[in-house]
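[1] Whatever this is, show me its structure:
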Amino acid sequence: MFQQAERDTDTRVMKLERRVGGLENVVVKLCSALLYCDDVALMERQARRVGDIYLDADFETIRRPRMLRQELMSMMNTNNMSTKPLMYTWQNLGGNNRSRINQDEIE
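    So this is what the prediction gives:
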């Protein structure tokens, strides 16, 4: 009876470890997507042009804007997580050759 309970516990722990590993993988992929997406970079550039953020209409209390990519990178570094670059395809528009160029071919 004790051995059966121990095996059941071991099985549950192994399942939980697999699930946690899957969740860690999803978090890394999600953070990587946010870090490397072009639209986030564009919004960040626009926010930098606006400058400081004011707390009130009197313009007396300000703070620097917090950038999503910097915050994510900081969080990932704090938790010893590394990003995974997104795979993308470049399209050559020069001349008559309109073939697709994979990221692997450039690097």
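[2] For the rest of this, base every contact and every neighbour count on C-alpha atoms.
    Fine.
[3] Run through the helices of the protein in chain order.
    In the chain, the helices defined using DSSP state H lie at 2-36, 38-50, 68-78, 103-106.
[4] For those, which has the smallest mean pLDDT value?
    Per-stretch mean pLDDT for the helices of the chain is lowest at helix 103-106 (a mean of 49).
[5] Check the gap between the spatially most central residue of the chain and residue 59 for me.
    Compute the mean C-alpha point of the chain, and by CA atoms, centre = their mean the closest residue is residue 31, 1.5 Å away. Note on residue 31: its distance to residue 59, by CA to CA, to the nearest Å, is 34 Å.
[6] Also residue 40?
    Distance, residue 40 to residue 59, using CA to CA: 27 Å.
[7] More neighbours: those two, which one.
    residue 40 (16 against 9; other CA atoms under 10 Å).
[8] What is the neighbour count of the nearest residue in space to that one that is not next to it in sequence?
    For residue 40, ignoring the flanking residues on the chain, the nearest one in space by CA to CA, 6 or more residues apart in numbering is residue 34 at 6.8 Å. The tally of other residues near residue 34 (other CA under 10 Å) stands at 16.
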